[in-house]
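1. Predicted model and sequence below, questions to follow.
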Amino acid sequence: MKSFTVFKNKMEKENNQQSVTVINGRHFSDLAGFYNEISQMFMKDEDWKVGTLDGFDDVLYGFQGKIIWKNAQKSKKDLGMEATIEFYETKIRQGRPFNVVLMKQKLDELMAGKGQTLFEILVEIIASHKSINLFLN
């Protein structure tokens, strides 16, 4: 966790000024590819990479500026219903350390049309950071 603290402090220092970051949906077609894209953009000099939704959220702390998500419609499709069902089913199969009851609940909500897709979750994570303006293109 020490490397994350160092990374976070570095991001806070580097991002005192507004910056623009571009996520390009053509560079990936699944969640693992998204994590790789984010790691290359935000963590190219770090010894750890983004690999979870919580990790993605953590990386955004200290970032100030704009994130432009190019080819967002492609990402919306790629990280849509099918990918999200697979995401939850994988967590349920793996069991611990995942909360299987919660994963089943999220999957049931998704199947009933009330849950969020991975794309919507990622957008919500970005939107939760008040210092970031997200633009979907």
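-> Okay, I see it.

2. Let me know the pLDDT of residue 18.
-> Note on residue 18: pLDDT of 66.

3. Make 46 the starting number, not 1.
-> Done: numbering now begins at 46, and the last item shifts to residue 63.

4. Can you report how many residues lie near residue 133?
-> By other C-beta atoms under 10 Å, the residues close to residue 133 number 23. Yep, even glycine has a C-beta here, placed from its N, CA and C like the rest.

5. count of neighbours near the closest residue to it other than its chain neighbours?
-> Leaving aside its chain neighbours, residue 133 sits nearest to residue 152 (4.0 Å; criterion: C-beta to C-beta, 6 or more residues apart in numbering). Neighbours of residue 152 under the rule other C-beta under 10 Å: 18.

6. I'd like to know which elements the strand or helix carrying residue 152 is packed against.
-> Residue 152 is part of helix 145-156 when elements are defined by DSSP states H and E. Counting by 3 or more C-beta pairs under 8 Å, 6 or more residues apart in numbering; DSSP states H and E, the packing neighbours recorded for helix 145-156 are helix 126-139.

7. helices and strands around the helix it packs on, which ones?
-> So helix 126-139, by 3+ C-beta pairs under 8 Å, 6+ apart, packs with helix 145-156, helix 163-172.

8. Just want the angle from the shortest one to helix 126-139.
-> Orientation check (axes from the mean of the first three to the mean of the last three C-alpha atoms, to 10 degrees): helix 163-172 against helix 126-139 gives 90 degrees.

9. Please tell me how far the residue lying farthest from the centre of the chain sits from residue 144.
-> Largest separation from the mean C-alpha position in the chain: residue 157, at 23.4 Å (C-alpha atoms, centre = their mean). Distance, residue 157 to residue 144, using C-beta to C-beta, to the nearest Å: 19 Å.

10. and the helices and strands packed on helix 126-139, which is most packed in?
-> Across the helices and strands packed on helix 126-139, the average number of neighbours (mean count of other C-beta atoms under 10 Å) peaks for helix 163-172, which reaches a mean of 18.

11. Now do the buried residues in the helix or strand following that helix.
-> Next helix or strand after helix 163-172 toward the C-terminus (DSSP H and E): strand 177-181. Residues 177, 179, 181 are the ones in strand 177-181 that count as buried (16 or more other C-beta atoms under 10 Å).
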